[in-house]
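Peer 1: for reference, the sequence and a predicted model appear below.
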Amino acid sequence: MALKEWSVRTARLMVGIPDYQTYVEHRRQTHPDKPIMTYEEFFVERQNARYAVGKGRFRGCC
């Protein structure tokens, strides 16, 4: 992985933006029989997981 790609990936993770491409690669290698979410589905799922939406304990950002 090039330094620029690594830097961008790291910066995104630091501000809470998950890496869709890493998710896709993981699913293809580890779970080839399972469906892959679209980027939009993945983004919403990651936001919900981060903020515990739907589990009765919305944390918010602070």
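Peer 2: All right, it came through fine.
Peer 1: any idea which helix or strand in this protein has the lowest mean pLDDT?
Peer 2: helix 3-14 (a mean of 80; mean pLDDT, DSSP states H and E).
Peer 1: where does the residue positioned nearest the centre of the chain sit: helix, strand or coil?
Peer 2: Of all residues in the chain, the one closest to the mean position by Cα atoms, centre = their mean is P18, 3.2 Å from it. Under DSSP: H, G, I helix; E, B strand; the rest coil, P18 falls in the coil class.
Peer 1: close enough to count as contact, it and F42?
Peer 2: Yes. If you go by Cβ atoms under 8 Å, P18 and F42 touch, sitting 7.1 Å apart. C-beta here means a position set from N, CA and C on the backbone, and glycine is covered the same way.
Peer 1: pLDDT weak spots in the protein?
Peer 2: Scanning the chain with the threshold set as pLDDT under 70 gives 15-16, 53-62.
Peer 1: restricting to C-alpha, output the following helix or strand past the least confident helix or strand of the chain in CSV.
Peer 2: Toward the C-terminus, helix 3-14 is succeeded by helix 20-30 as the next helix or strand (DSSP states H and E). Taking Å, rounded to 0.1, in the frame of the first residue of the first chain, the C-alpha atoms of helix 20-30 are listed here in CSV:
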residue,chain,number,x,y,z
TYR,A,20,-15.4,0.4,2.4
GLN,A,21,-12.7,-1.2,0.2
THR,A,22,-11.2,-3.0,3.2
TYR,A,23,-14.7,-4.3,4.0
VAL,A,24,-15.2,-5.5,0.4
GLU,A,25,-11.9,-7.3,0.3
HIS,A,26,-12.5,-8.9,3.7
ARG,A,27,-16.0,-10.2,2.6
ARG,A,28,-14.6,-11.6,-0.7
GLN,A,29,-11.7,-13.4,1.0
THR,A,30,-13.3,-14.5,4.2
